[in-house]
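# Return atomic coordinates for the entry below.
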Amino acid sequence: AAGSSLAAARMKTWKSLRAEEAVGSYTSAAASTLEVLYPSGSYPCSHSWCSNGRFVPAYCAGAELATCAEVYASNVSALFPGYLERLVVSLELRLVLVYLDPPTFSSHVFDRLW
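Here you go, the predicted structure:
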């Protein structure tokens with residue numbers, strides 16, 4: 001019984017990221033000012049599906065950007081190209097993926113946790 005309630009809670013968590021009103025408590029992708037460039041001037045995600053180091057699903061583009069939350073990711077796309085992007089789109093999550101180089105990811109994410 002405990003296992004099934006945990007599974008149900010996990011399902012509710014990711015499904016909440018599909019609703020516009022639910023992502024309002026997260027950092028809006030439209031308000032982002034985070035610099036994502038490597039010191040060399042290149043972007044951590046240079047795949048065709050990324051723009052300026054970010055992956056923005058079609059349903060978050062333009063005016064809809066304000067309805068999507070920003071999520072930070074270390075550059076895992078080098079190891080698993082397209083995995084996170086396919087996950088966001090297939091689950092219809094209202095997320096914009098912002099790829100950061102490892103030092104920026106560590107300082108931006110971990111410093112906020114402690």
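# how many other residues sit next to residue 80?
9 (other CB atoms under 10 Å). Backbone N, C-alpha and C define where each C-beta goes, glycine included.
# Doesn't it lie inside a strand?
No - Residue 80 sits outside any strand when classified using DSSP: H, G, I helix; E, B strand; the rest coil, being coil.
# May I have the predicted confidence score for it?
On pLDDT, residue 80 comes in at 76.
# Repeat that for residue 22.
On the pLDDT scale, residue 22 gets 56.
# cool, and residue 39?
Reported pLDDT for residue 39: 74.
# same check, this time on the one 5 residues further on
What the model reports as pLDDT for residue 44 is 82.
# Residue 69 versus that one, what's the distance?
Separation of residue 44 from residue 69 (CB to CB, to the nearest Å) stands at 19 Å.
# And those two? Which one has more around it.
Applying other CB under 10 Å to residue 44 and residue 69 shows that residue 44 carries more neighbours, namely 23 against 19.
# Surely that one is in a strand?
No - the assignment for residue 44, made by three-state DSSP, is coil rather than a strand.
# pretty sure it contacts residue 100?
Yes - judged on CB atoms under 8 Å, residue 44 makes contact with residue 100 at a distance of 6.1 Å.
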